[in-house]
Every structure is written in structure tokens, then in C-alpha cells.
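Enquirer: what follows is a predicted structure for the sequence shown.
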Amino acid sequence: MVAYYTVFGRQVGSHYLSMAVLAGIFGGTYASLRGGSKKTVQTPPINASTPDEADFIQNFLKQADADEKKAKH
């Protein structure tokens, strides 16, 4: 025996209503807890006059990051 409800002018069984509610709850929970996309960190552009200068700046920044990580531990 199924109870029928009138929803938007149509007869809908209670079992369909319960499935819709559960799907909405679980779907909404999944969508809210799965997290967003990871954002990439953008660095400002390196305006070097020569390729050697650009390499030096990149190596210096890498070394500074490594020293910073070493200092935290």
C-alpha cells in the first residue's frame, strides 16, 4: 500500500518522494564536501635583460624557498 500525494498537479507515490529526498540530501552533501579545484600560485613575471640573469633569479628564488622550508622545520 502506497500513499499518494499531489505534487504540481500529479499523483506521486510516497516511495518516490522519499527517494528524491534522500538523493537530494546525499547529492548535496557530496557536492559540498568534495572540495574545490586547487588553485595554482602565480608568481610575478621575471623581467630580466639576459637569459643568464633570468636563470640566476630563478635559482635564487628556489634556494630561498628551500632555506625557508628548512628554517620552518
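Expert: That came through fine.

Enquirer: quick one, what contacts residue 21?
Expert: Residues near residue 21 by C-beta atoms under 8 Å, 6 or more residues apart in numbering: none. Where C-beta positions appear, they are placed from N, C-alpha and C, glycine not excepted.

Enquirer: check which helix or strand it maps to.
Expert: According to DSSP states H and E, residue 21 maps onto helix 14-33.

Enquirer: for whichever helix or strand comes after that helix, give the mean pLDDT please.
Expert: Later in the chain than helix 14-33, the nearest helix or strand by DSSP H and E is helix 51-72. In this model, helix 51-72 has a mean pLDDT of 89.

Enquirer: so how far is the helix holding residue 21 from its chain's centroid?
Expert: With C-alpha atoms, centre = their mean, to the nearest Å as the basis, helix 14-33 stands 21 Å off its chain's centre.

Enquirer: report the rounded mean pLDDT for that helix.
Expert: Averaged over helix 14-33, pLDDT sits at 95.

Enquirer: residue 48 versus residue 42, what's the distance?
Expert: Between residue 42 and residue 48 the computed distance is 18 Å (C-beta to C-beta, to the nearest Å).

Enquirer: tell me which of those two has more neighbours.
Expert: Ranked by neighbour count (other C-beta atoms under 10 Å), residue 42 and residue 48 place residue 48 first, with 13 against 6.

Enquirer: so the more buried one is in contact with residue 54, correct?
Expert: Yes. Residue 48 is within contact range of residue 54, at 3.8 Å (criterion: C-beta atoms under 8 Å).

Enquirer: now do the phi/psi pair for the most centrally placed residue in the chain.
Expert: Among the residues of the chain, the one closest to the centroid is residue 36, at 1.2 Å (C-alpha atoms, centre = their mean). For residue 36, the backbone dihedrals are phi -100, psi -180 (criterion: degrees, to the nearest 10).
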